[in-house]
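1. Return a 3D structure for these sequence lines:
(one chain, ligands or ions: 1)
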Amino acid sequence: MIQRSVTDVVTNGKTMTDKTYLKELRIPTKENPLRVLMSACLTGLMCGWDGTNNGEYPSAQKLLQRDNIKIFKFCPEDFSYGTPREMSDIHGGTGFDVLDGKAKVMTESGHDWTEGMIKASERMLEIARNNDIELALLLDISAACGSQVIYDGNRLSENKVYQIGAGVAAAQLIRNGFRVISQRDFASLEILYSKIDSSHVIDFTKVDQNETEWYRTYFKIT
Ligand code: SF4
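-> All right, here's what the predicted structure looks like:
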């Protein structure tokens, strides 16, 4: 098991990517591939709440073409609630607060999915541990898989609100020392691409989600 410190990736329940960790990742080979846990929808599986794959994400799908990465797919919400299912969001905090019993996961029609989401996060953690996962690449915004930004309450409400934070499954992984990036963390992905493809030239103009103008403006970060 790889030893990790979480103090540099979790600050007051907020999350951030860890480029130092990514830079220090080993160079994987076909014989000893990098073990990456991915949101199943990012791999193209139709496990989104509405039975779709939540859209196309070439930044993530690029990893599927390599033979020096072993992908482990998991959909926390499908695990507990099947597909299709209701839309759900976290009310009263982040995924960390849900794990601590301080916030709830509610569906659009008012069903409490807190228990099922925690169970799904525990299953995802089990998969990560059993397979000695080296990195998780999860779909941001999701109440389960989000890692940078999630909704604060019902996303279908008239005045939807975003918050900095992780979904329940991502929070479970982060709290237990696993590194999580999202499909929108383009700077981190550039580092990852350079690890799996020796010909890849890092594009230093790319930024992670928490470095974008939208993020800084919306969350009033100076
Ligand atoms: S729970 Fe995660 S894996 Fe499942 S559809 Fe939502 S974002 Fe994708």
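2. Make sure Arg85 is actually in contact with Gly48.
-> No. Counting by C-beta atoms under 8 Å, Gly48 is not a contact partner of Arg85; they are 9.2 Å apart. (Each C-beta comes from the backbone N, C-alpha and C, glycine too.)
3. Neighbour count: these two, which is higher?
-> Neighbour tally, Arg85 and Gly48, criterion other C-beta atoms under 10 Å: the higher count belongs to Gly48, 22 against 17.
4. residues contacting the closest residue to the more buried one other than its chain neighbours?
-> Leaving out its chain neighbours, the residue that sits closest to Gly48 by C-beta to C-beta, 6 or more residues apart in numbering is Asn54, at 4.3 Å. Residues in contact with Asn54 (C-beta atoms under 8 Å, 6 or more residues apart in numbering) are 41-42, 48, 139.
5. so is Ile90 in a helix, a strand, or just coil?
-> Three-state assignment for Ile90 (DSSP: H, G, I helix; E, B strand; the rest coil): strand.
6. Which strand residues bridge it?
-> Val105 (DSSP bridges).
7. Am I right that it is in contact with Gly167?
-> Yes. With contact defined as C-beta under 8 Å, Ile90 and Gly167 form a contacting pair (7.1 Å).
8. intersection of neighbour lists for these two?
-> Joint contacts of Ile90 and Gly167 (C-beta under 8 Å, 6+ apart) are 143, 150.
9. Comparing these two, which shows the higher neighbour count?
-> The residue with more neighbours, out of Ile90 and Gly167, is Gly167; 34 against 31, by other C-beta under 10 Å.
10. related to what we said a few turns ago, could you report the pLDDT at the residue nearest to Gly48?
-> pLDDT for Asn54: 91.
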